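*Asks:* Got a predicted model here, sequence first, then my questions.
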Amino acid sequence: DTGVSQNPRHKITKRGQNVTFRCDPISEHNRLYWYRQTLGQGPEFLTYFQNEAQLEKSRLLSDRFSAERPKGSFSTLEIQRTEQGDSAMYLCASSPGSDSYEQYFGPGTRLTVT
Amino acid sequence: AQKITQTQPGMFVQEKEAVTLDCTYDTSDPSYGLFWYKQPSSGEMIFLIYQGSYDQQNATEGRYSLNFQKARKSANLVISASQLGDSAMYFCAMRGRQAGTALIFGKGTTLSVSS
């Protein structure tokens, strides 16, 4: 399977703990996106990478959130000092070069903060 | 600011019937793209169809077609001959400015197909 993969698929953590999620995009896709989706809502944009450069960050991405894509391949999203409001599905998507419009999504990581 | 509105929380249809899912959008960008995604209960977002703002013809992909009315700022998804496997959440989304920027999603419509 050469689609976008995300790990872990599910994460349960206690409030105040740090969590890290990983996204492996489709190989050779240079654009990578992170979205957050809460129950009953559509995905909301968090941040966007082109290769290793983080080019856009949403206002939703508070100081407790940090994302990296060190070698322009996989990406990690870390949430520090988790809060119950962080409970959501975190989706990763990738797309190829500038001529493409479609974003290919991974299965998501469902985070539950207790 | 760009915005997508999907006013139908839920739609119910019988197998083999056609169904239209509504989507209206708001943007000041002269060039933009409109998308529909399907999200089954498994959670993965599946791309269905794309319409560019300058495309002269409505997009079609198999049983999916997009009824694009630019003046009304609407981009409704039409699914012909519904199947049980079409039961899912459907999201309308748009992208403005240049390729590579974020997708802005609506709140979605739940489609239930019965036999």
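*Replies:* Looks like it arrived, so ask away. Numbering: from 1, shown residues only, chains lettered A, B, ... in the order given.

*Asks:* what sits against whatever residue of chain A ends up closest to chain B?
*Replies:* Of all residues in chain A, the one sitting closest to chain B is residue A:42 (3.1 Å; CB to the nearest CB). Every residue, glycine included, has its C-beta placed from N, CA and C. Counting by CB atoms under 8 Å, 6 or more residues apart in numbering or on different chains, residue A:42 touches B:4, B:91, B:93, B:105, B:106, B:107, B:108.

*Asks:* Give me the pLDDT for it.
*Replies:* Per-residue pLDDT puts residue A:42 at 95.

*Asks:* With residue B:48 instead?
*Replies:* In the predicted model, residue B:48 carries a pLDDT score of 96.

*Asks:* what residue ranges in chain A score low on pLDDT?
*Replies:* In the predicted model, chain A carries pLDDT under 70 at residues A:1, A:97-100.

*Asks:* ok, back up a step: now the contacts of residue A:42: which count as buried?
*Replies:* When burial is judged by neighbour count using 16 or more other CB atoms under 10 Å in any protein chain shown, the buried members of those are B:4, B:91, B:93, B:105, B:106, B:107, B:108.

*Asks:* what's the most centrally placed residue in chain B in contact with, if anything?
*Replies:* Among the residues of chain B, residue B:36 comes closest to the average C-alpha position under CA atoms, centre = their mean, at 3.3 Å. With contacts taken as CB under 8 Å, 6+ apart, residue B:36 has the following neighbours: B:21, B:23, B:48, B:49, B:64, B:66, B:75, B:77, B:90, B:91, B:92, B:93.

*Asks:* How about residue A:61?
*Replies:* If a contact means CB under 8 Å, 6+ apart, then residue A:61 has A:46, A:47, A:67 as its contacts.

*Asks:* Tell me where the chain has strands.
*Replies:* Looking at chain A here, since you left the chain open. With DSSP state E as the definition, chain A shows strands at residue ranges A:5-7, A:10-13, A:19-24, A:31-37, A:44-50, A:53-57, A:65-68, A:75-79, A:88-95, A:104-105, A:109-113.

*Asks:* looking at chain B here, not the other one
*Replies:* Using DSSP E, strands in chain B cover B:3-5, B:10-14, B:19-21, B:24-26, B:32-39, B:46-52, B:60-61, B:64-69, B:74-79, B:88-96, B:104-105, B:109-114.
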